[in-house]
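[1] Kindly return the folded structure for what I paste below:
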Amino acid sequence: FDSVQTFAHEINQKVGGRKVDVLFNNAGYGPPEVEPVNKYGLDPSFTSMHISHHLLTELLIEQNPKLRVVATSSGTHQFCSYMHPSCIDEEYLAKGI
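    Coordinates of the predicted model:
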């Protein structure tokens, strides 16, 4: 998370009083699996593609409460053949939660 905080600080300095208007968070990075968890005790992929995006968004939105955020993802989910349709809770999805 240190690099995310550094980046947020640096980008706010570089825009010189202006505000970042749009942030694109793109999940798709696959770090080499050297360790099963990082120094925070979390999966490195989950940290880089989800938690870090949330942290960056929070840090930038402090500077511009009207920040527009676009979240995208990779197509990696298409390779998850282990997800059987019976695992999907249709009632849960129908509630729109």
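[2] now the helices for this structure?
    Assigned by DSSP state H, the helices in the chain fall at 2-14, 44-46, 52-63, 90-94.
[3] looking at the ones you listed, which is closest to residue 36?
    Proximity to residue 36, assessed across those by C-beta to C-beta, is greatest for helix 44-46 (8.4 Å). Bear in mind the C-beta positions are built from the backbone N, C-alpha and C, glycine included.
[4] What ranges in the protein fall below the confidence cut-off?
    Scanning the chain for pLDDT under 70 picks out 29-35, 75-97.
[5] Hmm, residue 37 is touching residue 45, no?
    No. Using C-beta atoms under 8 Å, residue 37 is not in contact with residue 45, being 10.9 Å away.
[6] I'd like the distance between the residue lying closest to residue 74 once chain neighbours are set aside and residue 18.
    Excluding the flanking residues, the one nearest residue 74 by C-beta to C-beta, 6 or more residues apart in numbering is residue 28, at 3.4 Å. Separation of residue 28 from residue 18 (C-beta to C-beta, to the nearest Å): 28 Å.
[7] Dump the C-alpha coordinates for stretch 43-50 into PDB.
    Extracted C-alpha coordinates of stretch 43-50, given in PDB (Å, rounded to 0.1, in the frame of the first residue of the first chain):
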ATOM      1  CA  ASP A  43      -2.900 -12.700  -1.500                       C
ATOM      2  CA  PRO A  44      -0.700 -10.500  -3.700                       C
ATOM      3  CA  SER A  45      -3.200 -10.600  -6.700                       C
ATOM      4  CA  PHE A  46      -6.100  -9.600  -4.500                       C
ATOM      5  CA  THR A  47      -4.100  -6.800  -2.900                       C
ATOM      6  CA  SER A  48      -3.000  -5.300  -6.200                       C
ATOM      7  CA  MET A  49      -6.200  -5.700  -8.200                       C
ATOM      8  CA  HIS A  50      -8.800  -4.900  -5.600                       C
END
